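*Asks:* return a 3D structure for these sequence lines:
(chains A and B)
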Number of protein chains: 2
Amino acid sequence: MTIGSFHIHHQDGKSRVGELYTAHGIIPTPIFMPVGTQGSVKAVCPEDLKTLGARIILGNTYHLYLRPGDAMIARRGGLHSFIHWDRPILTDSGGFQVFSLSGLRKLTEDGVAFSSHIDGSKHFFTPEKVISIQRNLGSDIMMVLDECVPYGADYGYTKNSLALTTRWAARCRTAYAPGSGDQLLFGIGQGGFFKDLREESLRQLMDIPFDGYAVGGLSVGEPKAEMMDMLYHSGELLPVDKPRYLMGVGTPLDIVRGIDAGIDMFDCVLPTRNARNGTLFTSLGKINIKRAEYTEDDSPLDPACSCYTCRNFSRAYLRHLYHAREILSYRLNTIHNLAYFLQVVTGARQAIEKGIFQAYKAKFEAIYDT
Amino acid sequence: MTIGSFHIHHQDGKSRVGELYTAHGIIPTPIFMPVGTQGSVKAVCPEDLKTLGARIILGNTYHLYLRPGDAMIARRGGLHSFIHWDRPILTDSGGFQVFSLSGLRKLTEDGVAFSSHIDGSKHFFTPEKVISIQRNLGSDIMMVLDECVPYGADYGYTKNSLALTTRWAARCRTAYAPGSGDQLLFGIGQGGFFKDLREESLRQLMDIPFDGYAVGGLSVGEPKAEMMDMLYHSGELLPVDKPRYLMGVGTPLDIVRGIDAGIDMFDCVLPTRNARNGTLFTSLGKINIKRAEYTEDDSPLDPACSCYTCRNFSRAYLRHLYHAREILSYRLNTIHNLAYFLQVVTGARQAIEKGIFQAYKAKFEAIYDT
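*Replies:* Residues are numbered from 1 along each chain as shown, chains lettered A, B, ... in the order given. Alright, predicted model coming up:
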């Protein structure tokens, strides 16, 4: 199979089951990608991720560029070899972190100047630079540099911004022409919360073109209904024959609704970050393991789950580990939350194959009310 | 085999290879016991410990009594069931932590009053109380309440203290008579840095008697030569037909020398605590993984080690994880350090069986200079 080829095997409404071919193997879609910001999915190791059934993980270009540095990783044979992960990796472009994490930043036609959140040192990202970094990392899927417009930005600002994002996307594509390597390059649609601008953005990107298309700039503080409105709208616009990726979203219900809107790929820090805060997703809804009601609860975290944590430990023990601030708390909670999120997409694939995706979605709407 | 029976299979000088029978299985000696203070050996899970070949772990009575509470653990079926560990567990008496961790404390004939390091709440440990707690925990080996005399204590204080420790030991033995359950009870010799007092202490304890004997009150700030002098002296005094346990010691070289002095059991937080600080024990000596020299070092942490960490990750990656404060850093470092310490005692057993223990000890004396 050619790297980058994408086959859709089943459809149920807008939702679809497919397979994306990459240099490090096949990614079944819909898929959830655990986030490995700094070269590690926090609190778990590669073997844990494989046991959990993770098929692809995400690495953050901004973080890895700053520490330990992409050239250093290239000298280690790339990110896969450095972190001991032989399945696919997607790297973002760093744009989102520049806008959300770094200090002073300045946007020009050429790129974006920013200072490191680690030591305040000054850096400059151009479209060509972020491709070069991602080439050094050797990820299977690279993302273009984009500006993620904040919620509340007005029409004029958003229109100018998406035009810049398009020009940057074109420069990324020129820096990495189709067929010039084993890595794929995805474009990112912006346009804020204006449907015509979303359409304009995606249409321009499709002309370039890319191996896949992402929806960026959602889940940036807007009401959930507005996000969903934009999501379903984007689902109508995205090319049907390419993988579609909703960036940085979201809750289990967001993911199921995203699949309903025709999205194939998801990533979010929610399962890993919430795990470390003691918030756990289960077949019975969200559980806060800190709560006194679990003090003497000998039942597993989620009776419907067969992950290592649920097979071997009680809620009482997990609560104790959390309150005692034991490192094992992070690992056991993370294993469960990732198992849950990966099960959400596995279950979605099965439901689509059986043509019962609406019933599957309704189950999540009953558990999670927003 | 009867629980508590101890068989010595090989001897080489004072060092010996044996087997101790407990309710949760056989402990081969010499043995190193990883410390699981609050119901978890920090940063690793029970399956990790089994893969590493750990045969017994230690739990801290003081910590578990304060949080989550021994009665609560008893209601969970005991510590083994609560923490998902089906091999032997040794619990200390809490005495050492009362003297080293807690706030205001007051010693009387009856016991010791102290305040919790967690919330300042007031508590009172008597010999009977610490037996009751350890009965609730259901450990395979219980320890008597003792006073650990600080380094520099004078002869008079030390003599009075060891007499109190003996009276407390006798009360512990009365509270848990021989044969009254599946748990073993060990006495603890004190006597500070006075050889005649060490002798007095052990002789009194042997009259009581116990299922095993510990050497307490070493590694409390004294020069290493003084510790070793006392250790070899205690080795001469301890009964030959019972397991001998050196509490809270120490470095790999301390352990090998302890075995040379006739000690069978060791515990120490060194491998786990140092792992979290980036200090790693290897066949080449101690390594501080933080150091710049490892930035681009693609070799395994210890070329002679076959643990999960050394098989799969480079020094460069371990250094990156440490500097990025990734939780995985704690786990990978802990796995290696425990593998190393467990290999030290496994190697010692093999050397004793072959009658080449002095050569084995010399290897460690060459690597570690003190």
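
*Asks:* can we go C-alpha only for contacts and neighbour counts from here?
*Replies:* Fine.

*Asks:* flag every buried residue along the longest helix anywhere in chain A.
*Replies:* With secondary structure taken from DSSP state H, chain A has its longest helix at helix A:327-354. Neighbour-count burial for helix A:327-354, counted by 16 or more other C-alpha atoms under 10 Å in any protein chain shown, picks out A:327-349, A:351-353.

*Asks:* would you mind listing where chain A has pLDDT under the threshold?
*Replies:* For chain A, the stretches with pLDDT under 70 are A:103-104, A:370.

*Asks:* contact residues of the stretch 51-200 of chain A facing chain B?
*Replies:* Proximity of the stretch 51-200 of chain A to chain B is confined to A:67-68, A:72, A:76, A:82-84 under the rule C-alpha under 8 Å from any C-alpha of the partner chain.

*Asks:* can you list those residues in JSON lines and add neighbour count?
*Replies:* Shown next, in JSON lines, are those (neighbours: other C-alpha atoms under 10 Å in any protein chain shown):
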{"residue": "A:67", "neighbour count": "18"}
{"residue": "A:68", "neighbour count": "21"}
{"residue": "A:72", "neighbour count": "20"}
{"residue": "A:76", "neighbour count": "21"}
{"residue": "A:82", "neighbour count": "22"}
{"residue": "A:83", "neighbour count": "23"}
{"residue": "A:84", "neighbour count": "17"}
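
*Asks:* nearest to residue A:189 among those residues?
*Replies:* The nearest member of those to residue A:189, counting by C-alpha to C-alpha, is residue A:67 at 28.2 Å.

*Asks:* look up how far residue A:34 lies from the most centrally placed residue in chain A.
*Replies:* Chain A has residue A:267 as the residue nearest its centroid, 1.9 Å off, counting by C-alpha atoms, centre = their mean. Look at residue A:267 and residue A:34: by C-alpha to C-alpha, to the nearest Å, they are 6 Å apart.

*Asks:* give me the common contacts of these two.
*Replies:* Counting by C-alpha atoms under 8 Å, 6 or more residues apart in numbering or on different chains, the contacts common to residue A:267 and residue A:34 are residue A:58.

*Asks:* and the angle for the longest helix of chain A with helix B:327-354?
*Replies:* Angle of helix A:327-354 versus helix B:327-354, following axes from the mean of the first three to the mean of the last three C-alpha atoms, to 10 degrees, is 110 degrees.

*Asks:* does chain B have contacts with helix A:327-354?
*Replies:* Yes. Counting by C-alpha under 8 Å from any C-alpha, chain B has neighbours in helix A:327-354: A:327-328.

*Asks:* next secondary structure after that helix?
*Replies:* helix A:357-367 (DSSP states H and E).

*Asks:* in the helix or strand encompassing residue A:47, which residues are buried?
*Replies:* In the assignment (DSSP H and E), residue A:47 maps to helix A:46-51. For helix A:46-51, the neighbour count (16+ other C-alpha under 10 Å) marks A:46, A:48-49 as buried.

*Asks:* output those in JSON lines; the columns should cover distance to chain B.
*Replies:* Formatted as JSON lines, the buried residues of helix A:46-51 follow (distance: C-alpha to the nearest C-alpha, whole Å):
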{"residue": "A:46", "distance to chain B": "10"}
{"residue": "A:48", "distance to chain B": "11"}
{"residue": "A:49", "distance to chain B": "13"}
